[in-house]
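1. The following comprises the amino acid sequence and a computationally predicted model.
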Amino acid sequence: MFPLSTAQLPGRRSATFYTDVVNGLRADHKYLSSKYFYDENGDKLFQQIMACPEYYPTRCELEIMQHQSGKMARLFMEESSDFDLVELGPGDATKSWFLLRELQKDHASFTYYPIDISSNVIGWLEDKLPVTLPGIRLQGLNGEYLEQLHQVNTFSNKRKIVLFMGANIGNMTVHQATQFCRQLHEQMHPGDLLMIGFDLKKYPGTILAAYNDKQGITRAFNLNLLTRINRELGADFDVEQFEHYPVYDPGTGSCKSYLISRIQQEVHIGDNQFSFAENEVIHMEISQKYTLMETESMAAQAGFEPVDTFFDSKRWFADVLWRRLA
Ligand SMILES: C[S@@+](CC[C@H](N)C(=O)[O-])C[C@H]1O[C@@H](n2cnc3c(N)ncnc32)[C@H](O)[C@@H]1O
């Protein structure tokens, strides 16, 4: 679904990518940031992950959006039908599309601001959404969530409704997610709405299988970041010498993906050399799972009050709607 040309990073962003990668690989416990998964190939692989039989979060949230977007739209329009709709990390907006359509049907007067770190995603949305949702007012922003939300606030002082769906929030630790919501609170105004998709705690085997699909697409998605580092930063990772290794801890609710070095090896990025011991790991991604009580506690800590919760029929996933408190 992302047929655009390779996303080239402009200079400043490329420098940040380099610094983040080098700092992550120099750390005592090596890590890479999952936000860099999404180059052109990463976008395509994520599309394939969403279609995997094991990857339930997309199907659960799709069911929510297909059946409950009408109610969401009415809640959004209760206070006024004139607002800015900001979506953080929309990907291809497969799910938010249903909500956009309902808002159009209900004659809401809104501008849609999708914010995504992948320029490929933004280009795709700007091309495709006006075709399937004629008349939509849309302005895409390519960059980091909070930086770009700040930009939107400089464009307009209308009421904001912010969407953060697809369990993107799960790619932060609980502490980081709470801090992030506090930062959203700072950029929002009393009465503004925030809708967040949380993947809920459930049978651990179901969760682990979602990050270890039989076709090996999640494996390819993780390894693709090494290929991207080779291509864009001139590194020499031997991708075949790393193994994808996801784990889920039902106690904490954190699902983590690692790449394990199969052998003792050296990797270079420019003048930097990184040594990997056999079986040394790179932490790639966290996908944090929550109980509903934990999400409510996060709302309270970040200055929001829960307004409503939308579940799928299995109650595996929840889109929670919060109002920003004064
Ligand atoms: C897991 S995908 C989910 C997409 C969509 N929300 C869904 O539910 O299908 C995450 C999306 O967020 C974007 N993203 C990840 N980290 C980001 C960041 N720090 N700032 C902006 N966009 C980010 C990625 O490029 C990608 O499109």
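-> Alright, I've got the coordinates. Residues are numbered from 1 along each chain as shown.

2. Could you chop this protein up by domain?
-> Domain assignment for the chain by automatic domain parsing gives 11-53+214-288, 56-202+292-324.

3. which stretch among the ones you listed comes nearest the ligand?
-> The ligand lies closest to domain 56-202+292-324 among the domains of the chain, at 1.8 Å (C-beta to the nearest ligand atom). For glycine as for every other residue, the C-beta is placed from the backbone atoms N, C-alpha and C.

4. ok, back up a step: tell me which of the domains of the chain sits most buried.
-> Mean neighbour count (mean count of other C-beta atoms under 10 Å) peaks for domain 56-202+292-324 among the domains of the chain, with a mean of 19.

5. Whether it contacts the ligand - can you check?
-> Yes - Domain 56-202+292-324 is in contact with the ligand by C-beta under 6 Å from any ligand atom, via 89-91, 95, 115-118, 121, 144-145, 165-166, 168.

6. Could you tell me the end-to-end distance of that domain?
-> 30 Å (C-alpha to C-alpha, to the nearest Å).

7. L146 and C181 touch, don't they?
-> No - if you go by C-beta atoms under 8 Å, L146 and C181 don't touch, sitting 11.2 Å apart.

8. Which stretches in the stretch 1-150 of the chain count as strands?
-> Using DSSP state E, counting those that start in this stretch, the strands found in the stretch 1-150 of the chain span residues 82-88, 109-116, 137-138, 141-142.

9. Just checking: what are the partner strands of the second one?
-> By that I understand strand 109-116. Strands that pair with strand 109-116, judged by DSSP bridges, come out as strand 82-88 (parallel), strand 137-138 (parallel), strand 141-142 (parallel).

10. So for the first one, mean pLDDT?
-> For strand 82-88, the per-residue pLDDT values average out at 98.

11. Over to the last one?
-> Averaged over strand 141-142, pLDDT sits at 96.

12. likewise stretch 264-276?
-> Average pLDDT, stretch 264-276: 97.

13. ditto for stretch 93-101
-> The model assigns stretch 93-101 a mean pLDDT of 97.

14. what does it rub up against?
-> 50, 58, 61-62, 64-66, 69, 72-73, 85, 87, 90, 112, 114, 125, 129, 132-133, 136, 163, 165-166 (C-beta atoms under 8 Å, 6 or more residues apart in numbering).
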